[in-house]
Every structure is written in C-alpha cells, then in structure tokens.
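Participant: I would like to see how this sequence folds:
(chains A and B)
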There are 2 protein chains.
Amino acid sequence: MTTPEVDNARLWSSLMTLSEVGRYTDERTGLLGVNRLALTDADKAGRDLVKTWFEQAGLTVRVDRIGNVYARRAGRDDSLAPVMAGSHIDSVPTGGAFDGALGVLAALEAVRSLNDAGAKTLRPIEIAFFTDEEGARFGTDMLGSAVAVGRITLQEAYSLCDETGTSVQQELSRIGYLGAAEERISPPHAYLECHVEQGPILEAAGLDLGLVTGVQAISWQQLEIHGKSAHAGTTPMDLRKDAGLVASMINLRMHEMATSGNYGQHMRATMGRVSPVPNRVNIVPGKVVCTVDLRNPDDASMARAEADLANYFDELQQSHGVHIERRQTARTDSVTFDAKVVAQVGQQMQALGYRHEPLQSGAGHDAQEMASLCATAMIFVPGQYEGISHNPREYSTPEACARGANVLLRVMRNLADEA
Amino acid sequence: MTTPEVDNARLWSSLMTLSEVGRYTDERTGLLGVNRLALTDADKAGRDLVKTWFEQAGLTVRVDRIGNVYARRAGRDDSLAPVMAGSHIDSVPTGGAFDGALGVLAALEAVRSLNDAGAKTLRPIEIAFFTDEEGARFGTDMLGSAVAVGRITLQEAYSLCDETGTSVQQELSRIGYLGAAEERISPPHAYLECHVEQGPILEAAGLDLGLVTGVQAISWQQLEIHGKSAHAGTTPMDLRKDAGLVASMINLRMHEMATSGNYGQHMRATMGRVSPVPNRVNIVPGKVVCTVDLRNPDDASMARAEADLANYFDELQQSHGVHIERRQTARTDSVTFDAKVVAQVGQQMQALGYRHEPLQSGAGHDAQEMASLCATAMIFVPGQYEGISHNPREYSTPEACARGANVLLRVMRNLADEA
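Facilitator: So this is what the prediction gives:
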C-alpha cells in the first residue's frame, strides 16, 4: 500500500474556517485576528465546530473533567495504548489562525487521509485538544495538559479565576465542556504535536520544517530596584543612587552573558519590562520595576546563569547603593523529547525532501507536559514575517502547513503500527 | 550706623504662613505639601497675601501685563536704577515651603529690617515675584521673567494653554493679575536671588551657604528608538532589534561620559524616562521612548557631549538595526553671573563667618533671565534630606534661611548705596 498524503486544500479550508470563529478586525492595522480566549463563547463555538469535524471523520469523542477533548480512531487492537496527536484551539486575545489550531487540524487531516486511503492501524489514534494552553485568561498556561498528566490537580485548576472572579469550573459548566471522562490519562504510546515556530529561525535559515528536540528551561524574575530619586540638574553623579542606571547595567550584563558562549550557544536573555518611578525627564529614577527572562536548553547552564546574575545583583547593591528585591515569577526546567521518536520525525522529513534542522522550542507547549508521560516529539512549521505570533499578522503558507501535516501523518501511522 | 540684621523669627513666620496657602496632605507619607500651581486660586491667594505684606512694609506695588509683581522702596535718588531682589511664589503641584518663596520673603525681610533700622539707601529697592517660574502648568518655565527681559513676547506668553485649554491670559484676567504696567523692564542696577539649593552638595559638604557663580547649560532630548518586537523565548540574540537594550546602552554611555572627566568635572547625565512598548516580561521591546538630560557649566563641553552622543546614536543605528528619532525638548546655554556682584556676595558670607563655596546652579532660575539684563548673583541655602525639592519633604532650617537673608540684606544695601 502506498503512503497516503494529506489534502492541502482540505487542511487549509479547515484552518480558515476555524479562524472565522472569534474573528475580529485589528483597529490599528485593519488585519483580521482571532480572539478565542479559553472558555469564552468563542472558544465554545470553536470547540463545537472541531468536535463536529471529529464526528464527521468517524471518531469517538470524549470530554474530560477539565474540558480536554479526545477523539479516538479505533485500531486493529484497541487494547494497545493509542498514538496521540494534538495541541489546543484557544488563543490569546490578539491571536492568529495557526497557533495551536494547526496541531489539531493537521492531526485531523492526517486521520481524514488515513480514512480516504482505507488505512487501518494496529494501535488506536487519538486527537486531543487541551483546555487553556495559552493561560491568557486564567493565568496558568498548559492548564488542560498539566491536569491530564497530573502536574496540576483538578481542584487547583477548577479554582483558578479570571479577572472578573469567574472560575474555570463555572466557565467549563457554562459552555457545556465540563465532561465526565477521567481527567488523568493513561500513558499513550507516543505524543506528537505540529505547531507554528513562533520565531524567526526557520524562515531566516530558509528551512521547510523544524525538528524539535525539546523545550528550553525558562526563568522569569521580577526585580524592584530601590535607589534614590533626585534632581537631574543638581545632583552630582557621585552622590546618586540611580535605579534606572542599575537596570540598564543588568540589561547589558544579561545580554553579554547570553552572547558570550559561556552559558552555551543558545542562552537567551530579555529585559522586556522597565518601569521607572517617577519616569520624568529631569528626575533620577528612585525606583525601577523590571523583568529578567532567561532561556536555556541546558539546565546546568541556566542554573549557572541565574547564580551569576544573582551575584551581579549583590555587586550592584554594594557598588551603587541600591537595594534589589527579586521574585521568581516562573521557572521550568528544560524538557528533552524522546530521541527515537525525534529521529523518526527527522527520517520522514528527510524522506519527503524537506529541508530541516533540529532546534529547541523557545516557547512552552502541551507537548512538554505530555513528555512527562510518554515518548514525545514536535514538528515546527515556519511562520512568515520573522515568525510573528500572538498577533493578527501570524501567517504560515498552505504549503508549509501541508508539509507539517504530511510528516505528522507518516510518523503517526508508523508509530500506530508499532507493536 | 551699624549693619542691621534680619529678624529670624519674622522671616520664618512669613515662610510658614505663606506655606499654608495651597497646603495639602501627601496621601502616602502624611507630610504637608504646597500646591500653588501658577494662576490658580491658590496662587492668587498667595499673591494677595504677599502683596498685602509688601504694602504693610510701605512698598509701592505694581503688577505688569504678565502678572509679575514689583514692590518698590524709594531711594534717596529715585532717578537711579533700582537694586532688584526676588524669585517666585508659584510651586509645582507637589511642592514645599521654600522653593521660590524663600527668595521673595528673604527680600521682604531685608526691606523690613532696613525699615526697622531707619536705613535709607541711595538707589530704590524693588522686590519682584515673577509669574509661573515652574512651568508646571503652562509648559514654559521662567515665563514671567523671560517676558520681563524680552526673551518671550507677551503674545506668545498669553497664548500658552494648560491641559484643559485655558490660556495664561484668561487665567491672569480671572485671578485679577492682568496688570497695566509695561511688561518689559528697564535694566536694574543689579538683581539678587536667594534660593534653596535643591540638591545635596551644600549639605554633604557641611556648608552654611552656596555662592552661585552661574547656571549650567541644559539639554533635553526625547528619543524614540524603533526596533522590532519579538518573542523572548524563540528569537535568537543575533536576530533581535532590541530597543530596550539600545536604551540601556545609551544610558550607560551617558553615564560613562559624565564620569569620564572628558567633558569637564561637572557634566551630569540622566535617563529619567524609559517607556518600552509593549513592556511585557516575555517580549523583546519593539520601541522605547526615553529621555536624555545633559547638564554642563561649560557650553563648549556641552556641545561636544551632544555631538558625541549623536554620533553614538548613529553607531547604534548601524550596529543594532534600530532607528532612533530624536527631538530637542529644551536647550539653554550656560549663564555666568556677574563677577563683581558674586564677589560682593562672597565677601559678605565671609564677613558673617558663614562656611561657603562657589557652585553652579543645576536648576533654572529667574536669575538666569535677569542676567541678560543686569549684573546678577544668587545665594543658595542648603536643604535637608540631601536637598530634596519639588516634594513635601523639602526643608531648610530657620537658621539656614536667616543666613541667606542676612547675606542678601547686606549685599542689597551695599549695591543700593553704589552711585
């Protein structure tokens, strides 16, 4: 039997149809964006649409107690652990058509193609979409997949509230997705996720696809630098305690560390937020709130960078008369995907003639939760415009999406035929 | 005839009484502050009070067309140019009891002391308070004195509006200070101004008074640094155009320049405002609005610093792929006070046994406008708490204020007796 291929037009049509759910027009640019914030009416409408498509493809749908949706295609031996593929369909408030949706609809397209080819697999196949991957409404990202693998309990998840005080449990119930299925899942045979890169590497390197080897460690800190507010005209340089200058020094030191090679070749460092007080032209900042975002695929290098930066904060306290308070606002270790499944993904990219290279994911994904449960891998599809995402400009071509779906289809099928 | 001395208690009482006009309680600290924003009801009440005091001291008051108030004490020869002393009584919205008010009330106390001593002078003496020195409401500081010396025309000044669109002319009329006197003044014999330092130098050096030799040059620029907003997790360091990093580099470069000694020993540089967009932990700033405040007593050094910084901006545009737009928001050359009058002020400080040193003013004052018209000098009175000003914590001791007033009295009298 020949290897089936996905129907590019059908995949694209599904992506575009789903993107009409929660569609809005960006006031500034006139671009069409997607707002399917988790557990809103728009999210419900998106869920209903995709669930209908699952059913039309002959899949058996179950909804669990955290609202994750699983659609099952029977295998020749249904007692075997399924091969799972999926992602999420919720979006940030200013999202695009591809983030998350591509992973779910590429898996659906793979199943539709197997159906068209009349191809049965040994193991069952399950397509999953997980609740609130973005964390943009209830504050905790990868919520549904974290509950599915047991990192977060159902009660913790239920009690999370949005800004208006409405809880996850209330909203799940309201939109009809407080399911009855057990929220903890048995380990699948493997988990696969196709996702847009959300970064510029693949486009800049002229690659067709990215072979994702893992997710880098993430460390976020919020700093409050307390100096001394002073008159910019009358205060000599040597009598200042300039919190803004200290923030700038930290920003430069972070950048030097990231580009030095001393913490590996892939450390990233960003000071995204800087809020001086009082933030006026002629007043030396007395206080600055700023953030430190560090990423590293290597946990030991990350830990060393964090420690070296903490020492630098101490030095600055001594040398510049400031007091630096710091609070860790996020911290995850790196995740390394399964070498064998990653190799299989690479082989299929090779077989299809797609230019590809291995890379680490810079962003978090449901796959990093699933990796704690089973052999996991990801496929990255390049985005246009330097891979911009969480933005209405987010765009991947129909050809790029189809490439990702074809690799997904081949690997899913091969894994599902493994004994 | 012996040299009269000021009445410390009377001066202090006047300062405290005027500080009750526009008084407010700072919500955070519970401290009492002063809000006499120019041409508000509080400013009118302050003007009325001081005008009454002028009249009680036997002075002849005139109000000019920009609302400057002049109170004249006749001399033995009223055809001679007067000796003028003064300052302002408007405040910033979060002001204290001393900024401006001290200069006006110390001059009043000097006149009261001359009256008590029955001392006539050859030349007339005039006390002035100028309209809107702070510029905190209508955006242009030293407004009244700039009009008095002809740097700004009356029509320009009249047409300035506050945030609500209300004009200077409307407000002068409303509070009854749209006077009839000619706004341009004939050159006085000399101008003297006693003012709080608004900086930490005198307190740190343990000095009684500061002998002000001039006002440093001021250069303000607002920068808009345009980079490229990007995902902090997925964007490699070498593919970034980080506007926040560039702002930090400029801040450090400014600081290096100011402390290098290459632009004289008294250059000051401050990045007081930094506003990144979108200002979020995990997004590389795509744009930063920030400010550059440079000060230097030496005009040539200032011009060189501005040029070197502009070259650095060009370098950064090349090296970091950003675009930097800059707008000059304020620029004044340095002002050097009259050597002879400054020497006379120093002699009186010496005669009274007050520890003093020469220094440049870091802030702008009405005296710098008057210096374009006549021989000018200033006396600085130290402030407590590192000279904090524009803040309810602003405080100078009764003794320090009296010292400034005594020097002012002696120099005013000597100058007024010069033929």
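
Participant: what is the burial count for the residue of the stretch 201-350 of chain A found nearest chain B?
Facilitator: Among all residues of the stretch 201-350 of chain A, residue A:234 sits closest to chain B, at 2.7 Å; criterion: CB to the nearest CB. C-beta: built from backbone N, CA, C; applies to glycine. Neighbours of residue A:234 under the rule other CB atoms under 10 Å in any protein chain shown: 26.

Participant: what pLDDT is listed against it?
Facilitator: Listed pLDDT for residue A:234 reads 87.

Participant: once you drop chain neighbours, what's closest to it?
Facilitator: By the measure of CB to CB, 6 or more residues apart in numbering or on different chains, the closest residue to residue A:234 outside its immediate chain neighbours is residue B:199, 2.7 Å from it.

Participant: repeat for residue A:296
Facilitator: residue A:302 (3.9 Å).

Participant: and that neighbour, that one's in a helix?
Facilitator: Yes. Applying DSSP: H, G, I helix; E, B strand; the rest coil, one finds residue A:302 inside a helix.

Participant: correct me if wrong: it contacts residue A:294.
Facilitator: Yes. Under the criterion of CB atoms under 8 Å, residue A:302 makes contact with residue A:294 at 6.5 Å.

Participant: so what sits against both of the two?
Facilitator: Shared contacts of residue A:302 and residue A:294, defined by CB atoms under 8 Å, 6 or more residues apart in numbering or on different chains, comprise A:219, A:267.

Participant: those strands in the stretch 301-419 of chain A, which residues are they?
Facilitator: A:323-332, A:335-336, A:356-361, A:375-381 (DSSP state E, counting those that start in this stretch).

Participant: in CSV, list those strands along with distance to residue B:337.
Facilitator: Listed next are the strands of the stretch 301-419 of chain A as CSV, based on distance: least, CB to CB, whole Å:
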stretch, distance to residue B:337
strand A:323-332, 40
strand A:335-336, 69
strand A:356-361, 64
strand A:375-381, 68
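
Participant: just those: most buried one?
Facilitator: strand A:375-381 (a mean of 27; mean count of other CB atoms under 10 Å in any protein chain shown).

Participant: what is the rounded mean pLDDT of that strand?
Facilitator: On average, strand A:375-381 scores 98.

Participant: output the contacting helices and strands for that strand.
Facilitator: With contacts defined as 3 or more CB pairs under 8 Å, 6 or more residues apart in numbering or on different chains; DSSP states H and E, strand A:375-381 has these neighbours: strand A:190-196, strand A:209-215, helix A:339-351, strand A:356-361, helix A:366-370, helix A:398-416.

Participant: pull up the pairing partners for that strand, direction included.
Facilitator: With DSSP bridges as the test, strand A:375-381 is paired with strand A:190-196 (parallel), strand A:209-215 (antiparallel).

Participant: return the helix or strand in chain A with minimum mean pLDDT.
Facilitator: Ranked by mean pLDDT, DSSP states H and E, the weakest helix or strand in chain A is strand A:230-231, scoring a mean of 87.

Participant: that strand pairs with which strands, parallel or anti?
Facilitator: strand A:283-284 (antiparallel).

Participant: which residues touch the strand it pairs with?
Facilitator: With CB under 8 Å, 6+ apart as the criterion, strand A:283-284 contacts A:227-232, A:235, A:240, A:242, A:244, B:270, B:272.

Participant: one more time with 10 Å, if that's ok
Facilitator: Strand A:283-284 has contacts (CB atoms under 10 Å, 6 or more residues apart in numbering or on different chains) with A:227-233, A:235, A:237, A:239-245, A:276-278, B:268, B:270-273, B:293, B:390.
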